[in-house]
Structures are given as structure tokens and as C-alpha cells.
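J.: Test case, fold it:
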Amino acid sequence: MKVIDGGITAAKGFYAASAGAGIKYQGRDDMALIYVPDGAVSAGVYTSNVVKAAPVIYDRQITESESPVYGVIINSGIANACTGEAGMEVCRKTARAAAGALKGDGDNYLVASTGVIGFDIPMDRIENGIRLLAENPSESRQAANKAAKAIMTTDTVEKEIAVSFEAGGKTAVIGGMCKGSGMIHPNMCTMLAFLGTDVSISKMLLDKALKEIVKDTFNMISVDGDTSTNDTLIVLADGLTGNDRITEEGPDYEAFREALNYVCTELAKKMASDGEGATKLFEVTVNGADTNEHARALAKSVVTSSLTKAAIYGRDANWGRIYCALGYSGVGFDPDKVTLDFVSPAGSIRIAEDGRGTDYSEDEATRILSEDYVTALIDMNDGAESATAWGCDLTHEYVSINADYRS
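T.: Numbering: from 1, shown residues only. Take a look at the predicted model:
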């Protein structure tokens, strides 16, 4: 596997476009198109929130069917959530408008929205945006980047990645983009993410790989503990690599799975590091747990702790907050066996051992915690399982952003 420059258009047969439709924002692109004219098999994972946005309900029907997918229409600014039957009709009209402007039928298009909950999307602006998008879909790198920017809300930077890998003696590619900055606590994923690959693979194995990988990637990030109504992760595979179709597990499937896991991990980390108001990426790795499920629960408990996140922001090696978060994770363990190190590009330091604080230097700890990427390395000394979660620090700016979100 090799990391390459690219985004959603990196794989063969994937086109992108962006347009300004004025749905909520003015003076910027707020709609994006992913276009796959050769058609693709699809798989999706969606929010576990009981309150599901209309696009989530609509897309699940498509990705669970055998319909080939020709494209995805995405808007930012309004989430089309808590909009009832009117919201579902917006999805259907959006898909039909895309089919009319491009090819296929409404059942061949997915729809995604992000933004403020509880507002109706102006259909006339969506339809005008689709006309603009259909004018210039492109396979270019620039088109991919502009599409990634168009789906942003409170994000401060676009999030893209692409990798190549070998399958059946052919070079295949996975490229993707996502958005997510606030309302991040995936059960599935609090975000929109779209991945495109040119590998030829069965729908069953595409779905299997995606659902297995989600639990250790997107489901292991948190910014603020809020699981969104619009969480959507879509992967499309158009088969243009020319490899023999992957229909069973084996070396080609494992190569694809490794590449997909890397893409999902890196996009998840990009979202965590761009959390609203964040100044640093906070990683929590738990080693030595008795089960993988317990390792994930312990890591997620620490990375979501508001007190721990505030301490990381303040560069305060307040290890008691981390032990406390481990303690209310719901996992049983012996506190007297746990060790904690802080690690960053500035070095590493043992903060606690055998359930007690060490004689560490506060100045050295502060220096290590002052970096943009900080890891809490925890060893439970109770087994051989491990897991990693990603989050960010909790800052004054997070409150400012969300106190003013609807204006």
C-alpha cells in the first residue's frame, strides 16, 4: 500500500464537482457532486441516533438494495433532519433531479446533508445547484479538493486522502473525503464521509469490510460526546481496476481491507484533530487489556472525558482525571496494576505507575503536553488486547462556536 496525493477523484471513474447554491451560506460553494458514470456497488454505515435525518433513511434503502450508484449529491448548511415527510420528499426530488441532469433513475443516487437541524431545505436552490454541478464534473485533483471544501460546516480545513494497493496483479486506488468538526461522538460516525475505489469487489465483501473497520476507526473518535442525526459513511466501488472480482476472502481481500482501514483511520484522525476550537489531537492507546471490547471501552472513556480534555488543553498532567475516566468506563480492572505515560514529538514521560503518581517533573510534562499531537499511553497489565481512540482538547473556543452556531 502507498499513500498518494488525491481525494474522491483519485480512483478511476470518479468525478467531482462543486457549486454555490446559497442554501445557507453566501459567497462559497455549499453543494458537491460525486459522479460515477460507470456505476458502482455501494455499502454504507449510518448513525445509531434514534432521530435520523431524512438522507440517512433514504440512503440506507439504496445501499441495502442491488441498485448501482451513479452519484451522490451533498449539501452543507441545512441538515434536513427533523423535517418529516417533507424532508423525505426533498431526498427523492434531489435524486430524481440528479438523474435527470446526468443519467439513470432516482434510485441510482444517494443524498447527504449537513448543517442545522430542524430547517427545511429550499428545493429550488437544490435543483439550481444540481444544474450547476452537472455542467462540469471532473476527474481532476482540483475538483476533488473543491468538493471537499464545499461540504464543510464548522470545519477549518478540508479532509482528503488517497492510497494505492495491489489486487490481482493490478494497481487499485481508494480515495475519499469527509467532513466533521463538532457533534462528534460516533456510534457509527458523526460526520459525512465518502470513499471511492476502482477495485472490483462483491457488494457482500465491500459491506463486510466497511462494517468491521468502522468499529476501530470512526467509532473510536470523539470531540464533544454528541452523536449526530446525519452520520453517514458511504463507500463506492466501480471495478475499473480490471482485477478479477474479489468474491471471497484471501490475499486480494486482505490488501483491500488494509487499504480501507488506513483510509478510514486517517480520515477519522483528521476529524478529531479539527474538532471545534481544538488546538491539539489527543490520542489514547490502551494496551494490556483482557479483551478487545474492554480496551475500546477504556480508551473511549478517557478520550471523551471533559475533565481530561480540559487538562490536555491546559497542558496539565492531571493523571487522576484519566484514572477516574478509566474507572467509570464500565470495565473491571485492578487500578494498582495500571501505568500511564504521556508521549508527544517532544518526548515521553511516565506519569503514574501501579496506581500511584511517579516523581515526574511538572515542567517536563508541560513541555511534552504542549505539542499539537499528544498521546496518553495506558497499560492495564491485564492481558494482550489493545485499542486506540482519538479526540481533541476542550477549549473556550468550542463554547463560543456552539453558542453562536445558528446565527
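J.: rest of the way, CA atoms for contacts and neighbours
T.: Noted.
J.: helices or strands up against the host helix or strand of residue 254?
T.: Using DSSP states H and E, residue 254 sits within helix 251-273. Counting contacts by 3 or more Cα pairs under 8 Å, 6 or more residues apart in numbering; DSSP states H and E, helix 251-273 is packed against strand 159-167, strand 170-179, helix 203-214, strand 281-289, strand 385-392.
J.: Turn these into JSON lines, columns for mean neighbour count.
T.: JSON lines is the format used below for these (neighbours: other Cα atoms under 10 Å):
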{"stretch": "strand 159-167", "mean neighbour count": "23"}
{"stretch": "strand 170-179", "mean neighbour count": "26"}
{"stretch": "helix 203-214", "mean neighbour count": "18"}
{"stretch": "strand 281-289", "mean neighbour count": "24"}
{"stretch": "strand 385-392", "mean neighbour count": "26"}
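J.: Figure out which of these is closest to residue 10.
T.: Judged by Cα to Cα, the one of the helices and strands packed on helix 251-273 that comes nearest to residue 10 is strand 170-179, at 5.2 Å.
J.: Please name the strands paired to that closest one in the sheet, noting orientation.
T.: strand 159-167 (antiparallel), strand 192-197 (antiparallel) (DSSP bridges).
J.: Tell me the gap between the shortest one and the middle of its chain.
T.: The reference is to strand 192-197. Chain-centre distance of strand 192-197: 9 Å, with Cα atoms, centre = their mean, to the nearest Å.
J.: can you list contacts of that strand?
T.: Strand 192-197 is touched from outside by 8-9, 11-12, 14, 112, 114, 172-180, 230-239, with contacts defined as Cα atoms under 8 Å, 6 or more residues apart in numbering.
J.: same question, stretch 121-132
T.: 19-23, 31, 73, 78, 80, 87, 90, 94, 97-98, 101.
J.: what about 7 Å?
T.: The contact list for stretch 121-132 (Cα atoms under 7 Å, 6 or more residues apart in numbering) reads 19-23, 31, 78, 80, 90, 94, 97-98, 101.
J.: Can you lay out these as TSV showing distance to residue 355, neighbour count and secondary structure?
T.: Shown next, in TSV, are these (distance: Cα to Cα, whole Å; neighbours: other Cα atoms under 10 Å; DSSP: H, G, I helix; E, B strand; the rest coil):
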residue	distance to residue 355	neighbour count	secondary structure
19	55	23	strand
20	55	22	coil
21	57	25	coil
22	56	19	coil
23	54	20	coil
31	52	31	strand
78	48	21	strand
80	48	31	coil
90	56	21	helix
94	57	23	helix
97	61	20	helix
98	59	30	helix
101	64	16	helix
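J.: Which one of the residues you listed is nearest to residue 353?
T.: When these are compared for distance to residue 353 (Cα to Cα), residue 78 comes out closest, at 48.5 Å.
J.: any idea of the mean pLDDT for stretch 13-21?
T.: For stretch 13-21, mean pLDDT rounds to 97.
J.: got the end-to-end distance for that stretch?
T.: 26 Å (Cα to Cα, to the nearest Å).
J.: ok, residues contacting it?
T.: Here stretch 13-21 makes contact (Cα under 7 Å, 6+ apart) with 8-9, 28-36, 38, 125-126, 128-129, 132-133, 136-139, 143-144, 146-147, 150, 240.
J.: Same question for stretch 315-326.
T.: Contact with stretch 315-326 is made by 298, 301-302, 305, 307-308, 311, 351, 365-366, 369-370, as judged by Cα under 7 Å, 6+ apart.
J.: quick one: which of those sit in helices?
T.: Judged by DSSP state H, the subset of these located in helices is 298, 301-302, 307-308, 311, 365-366, 369.
J.: buried subset of these?
T.: With neighbours counted by 16 or more other Cα atoms under 10 Å, those contain buried members at 298, 301-302, 307-308, 311, 365, 369.
J.: show me what contacts residue 291?
T.: residue 385.
J.: try residue 12
T.: Residue 12 sits next to 198, 240 when contact means Cα under 7 Å, 6+ apart.
J.: and the gap between the most centrally placed residue in the chain and residue 375?
T.: The geometric centre of the chain, computed from its C-alpha atoms, lies nearest to residue 268 (Cα atoms, centre = their mean), at 4.6 Å. Computed as Cα to Cα, the residue 268 to residue 375 distance reads 16 Å.
J.: Spatially nearest residue to residue 345 (excluding sequence neighbours)?
T.: The shortest distance from residue 345 to any residue other than its chain neighbours is 6.8 Å, reached at residue 371 (Cα to Cα, 6 or more residues apart in numbering).
J.: Could you do residue 238 as well?
T.: Using Cα to Cα, 6+ apart, the nearest residue to residue 238 is residue 40, at 4.1 Å.
J.: Could you report the neighbour count for that neighbour?
T.: 27 (other Cα atoms under 10 Å).
J.: Would you confirm that it belongs to a helix?
T.: No: using DSSP: H, G, I helix; E, B strand; the rest coil, the assignment for residue 40 is strand, not a helix.
J.: Quick check, it in contact with residue 236.
T.: Yes: judged on Cα atoms under 7 Å, residue 40 makes contact with residue 236 at a distance of 5.6 Å.
J.: Under the pLDDT cut-off, which ranges of the stretch 251-400 of the chain? List them.
T.: The stretch 251-400 of the chain contains residues with pLDDT under 70 at 275-277, 398.
J.: Could you do the stretch 101-250 of the chain as well?
T.: For the stretch 101-250 of the chain (pLDDT under 70), the answer is 181-190, 223-229.
J.: First-to-last residue distance for stretch 157-176?
T.: Stretch 157-176 end-to-end distance (Cα to Cα) = 15 Å.
J.: Can you give the contact residues for that stretch?
T.: Stretch 157-176 is contacted by residues 1-11, 148-149, 177-179, 194-199, 241, 243-244, 252, 255, 259, 263, 267, 270 when judged by Cα under 7 Å, 6+ apart.
J.: Any chance of a PyMOL selection covering the buried ones in these?
T.: Only the buried entries of those go into this PyMOL selection, using 16+ other Cα under 10 Å:
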select buried, resi 3+6+7+8+9+10+11+148+149+177+178+179+194+195+196+197+198+199+241+243+252+255+259+263+267+270
